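Trainee: Predicted coordinates and the sequence they were generated for:
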Amino acid sequence: MSQANVWQRISAVDGRLCLLLNRMSRRHLLVLLFRFISRIGDGIFWYALMAVLPLLYGERGLVAAGLMVLAGLINLQVYRLCKHRFARERPFVSMPRINLAGVPLDRYSFPSGHTQHAVGFSVVAVAFFPHLAMALFVLAALVALSRPLLGLHYPSDVVLGAGLGFGVAQLLLGVAALSGWMA
């Protein structure tokens, strides 16, 4: 099988999954819930968490919040680079059957910045405060789910955004561990 055929098959599966997830946007209450979750993913919750961690956990919270800020800045640059490099149109533009149920923050789809940041912030915070894992990873998963459900991203945008966020977080945590900041 040629490389072009592989990409065509991946794209077809991605489109079908996108349509399947987007069908949930026909339910008004689900749309309201996932718009709210997506709005939280815009940054409101994460900025509040970064502000609260030093107040609750002192120096350890300050280090975690500082690494979260760095993760956010690096993820923003990676996100911008990918958006302009790949210029993938959003599903509601490319697929007429997709229902747009949310507001896009920019033109392009790849990667999902909401997911990238949610995963990156969660991984850093949980490395310092494991007791937050359930709440943060559930929130990150809901943010990720909101993106194709609202017609804003393909599932692959979400999966690859999560991978980028995870990778940036792991890189920063590795540097922090080598520097003795995680003691």
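Mentor: Structure received. Numbers count the residues shown, from 1 in each chain.
Trainee: Enumerate every residue touching F86.
Mentor: The contact partners of F86, by CB atoms under 8 Å, 6 or more residues apart in numbering, come to 108, 110. Placement of C-beta: from N, CA and C, glycine included.
Trainee: hey, which helix is longest across the protein?
Mentor: Across the chain, the longest stretch assigned as helix under DSSP state H is helix 45-86.
Trainee: host element of the spatially most central residue of the chain?
Mentor: Nearest residue to the geometric centre of the chain (CA atoms, centre = their mean): T115, 0.6 Å. Using DSSP states H and E, the element containing T115 is helix 113-128.
Trainee: quick check: mean pLDDT across that helix?
Mentor: Averaging pLDDT along helix 113-128 gives 97.
Trainee: could you give the mean pLDDT of the helix or strand where R147 lies?
Mentor: Following DSSP H and E, one finds R147 within helix 133-149. The average of the pLDDT scores along helix 133-149 is 97.
Trainee: what do you get for stretch 29-36?
Mentor: Stretch 29-36 comes out with an average pLDDT of 94.
Trainee: Could you list the buried residues of that stretch?
Mentor: Of all the residues in stretch 29-36, those buried under the rule 16 or more other CB atoms under 10 Å are 31, 34-35.
Trainee: Would you tell me which one of those residues comes nearest to D106?
Mentor: Closest to D106 out of those is R35 (17.4 Å), distances taken as CB to CB.
Trainee: Could you find the closest non-adjacent residue to the residue nearest to the centre of the chain?
Mentor: G161 (3.9 Å; CB to CB, 6 or more residues apart in numbering).
Trainee: before we move on, back to that, now the element after the longest helix of the chain, going C-ward?
Mentor: Proceeding N to C from helix 45-86, the next assigned helix or strand is helix 91-94, under DSSP H and E.
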